[in-house]
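**Q** With the input below, show me the fold.
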Amino acid sequence: MNGNELLPPLWLSLKVSVTASILVAIIGIIAAHFMTRRAFRGKSAVETVFMLPLVLPPTVVGFILLVALGRRSWIGRSYEWLFNQPIVFSWTAAVIAAVIVAFPLVYQTMKVGFLTIDKSLVEAARSAGADERQVMRYITLPLAKHSLLTAFVLGFARSLGEFGATLMLAGNIPGKTQTVPTAIYVAVDSGHTAMAWTWTICIVLFSFLLLLFTGRKMEQ
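**A** Below is the predicted model:
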C-alpha cells in the first residue's frame with residue numbers, strides 16, 4: 001500500500017469528523033441549554049425526535065436524509081441552485097450524516113452537564129443583571145466544561161466511525177467521499193485484508209490516543 005491509497009480516506013475522515021464535531025457541539029449546546037431551561041407542551045416528543053438517530057439503524061437515518069436532501073427535495077434543489085452542486089455524494093453530505101448520528105450523544109451529554117449545575121448560581125448571576133448570553137459564557141459553560149469536552153470527543157468519535165448513513169447520503173467515491181469506514185468495507189469486500197488492517201490500526205490508535213488525552217484532561 002502506498003500513501004496515495006492510504007492518506008485520502010484518512011484525511012477525509014479527519015476533516016469530516018473535526019467539522020462535524022464542531023458543528024454538533026454548537027448545535028448540541030444550544031439545544032441542551034434550551035431544553036433544560038424551558039418547559040413547554042410537547043417537550044418529551046421533541047426530545048424523542050432528538051434521540052431517534054441513536055436507536056434507528058444508520059441506513060434508515062441515511063435513507064431519510066437522502067429523501068430529505070436529495071435532488072427531488074426542495075432543500076436539495078435549493079442547495080444545488082445556490083451552490084451549483086448537489087448535497088448528496090459530496091463531502092458536505094458526509095458532514096451532515098455525521099452531525100445527525102452524533103447529535104444524540106452530544107445533546108444527552110450536555111443536557112446532563114447543564115442539569116448538574118447549581119441553579120442558585122445561575123439565578124444569582126441573573127439577579128446581578130447578567131443576560132442569558134453572559135450567563136452562558138461566564139457561568140454555564142465554565143461549570144460544564146468537562147461535559148463539553150466529553151461531548152466533543154463523543155461527537156468526534158461517532159463521526160469518525162460513521163458508516164451506514166454516510167454511505168447512503170455521501171456514497172463511496174474514492175478521493176471525494178470515501179472515509180475510512182467505507183474504505184475498510186470495500187477493502188474487505190475486495191479481499192484486500194492488509195489494506196483494511198492498516199486503516200483499522202490507524203483508527204484504533206488515533207481513537208486510543210484521543211481517549212487517553214481526554215481522560216487525563218478530565219482528571220485535572
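**Q** low-scoring pLDDT stretches of this protein, where are they?
**A** Regions of the chain meeting the criterion pLDDT under 70 cover residues 1-5, 220.
**Q** Show me the helices in it, by range?
**A** 3-37, 43-55, 58-69, 74-83, 91-115, 119-127, 132-135, 141-143, 145-160, 164-169, 180-189, 193-219 (DSSP state H).
**Q** Against which helices or strands is the longest one packed?
**A** So the one you mean is helix 3-37. Counting contacts by 3 or more C-beta pairs under 8 Å, 6 or more residues apart in numbering; DSSP states H and E, helix 3-37 packs against helix 43-55, helix 91-115, helix 145-160, helix 180-189, helix 193-219. Bear in mind the C-beta positions are built from the backbone N, C-alpha and C, glycine included.
**Q** want to try CSV for those, with mean neighbour count and distance to Gly76 as columns?
**A** Shown next, in CSV, are those (neighbours: other C-beta atoms under 10 Å; distance: least, C-beta to C-beta, whole Å):
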stretch, mean neighbour count, distance to Gly76
helix 43-55, 13, 20
helix 91-115, 24, 10
helix 145-160, 21, 22
helix 180-189, 19, 22
helix 193-219, 13, 31
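**Q** among these, which is nearest Val18?
**A** Val18 lies closest to helix 145-160 among the helices and strands packed on helix 3-37, at 7.1 Å (C-beta to C-beta).
**Q** Show residues contacting the closest one.
**A** Helix 145-160 is contacted from outside by 13-14, 16-18, 20-21, 24-25, 28-29, 98-99, 101-102, 105-106, 109-110, 112-114, 116, 141, 180, 203, 206-207, 210-211, 214, 217-218, using C-beta atoms under 8 Å, 6 or more residues apart in numbering.
**Q** now swap in stretch 96-105 and tell me
**A** Outside stretch 96-105, the residues within contact range by C-beta under 8 Å, 6+ apart are 16-17, 20-21, 23-24, 27-28, 50-54, 58, 61-62, 65, 69, 87, 151, 154-155, 158-159, 162, 165-166, 168-170.
**Q** Repeat the analysis, applying 7 Å as the threshold.
**A** 16-17, 20, 23-24, 27-28, 50-51, 53-54, 58, 61-62, 65, 154-155, 158-159, 162, 165-166, 169-170 (C-beta atoms under 7 Å, 6 or more residues apart in numbering).
**Q** roughly how far apart are Ile27 and Ala157?
**A** 17 Å (C-beta to C-beta, to the nearest Å).
**Q** should've said Trp11
**A** When distance is defined by C-beta to C-beta, Trp11 is 18 Å away from Ala157.
**Q** Kindly report the same for Ser17.
**A** Relative to Ala157, Ser17 is positioned 8 Å away (C-beta to C-beta).
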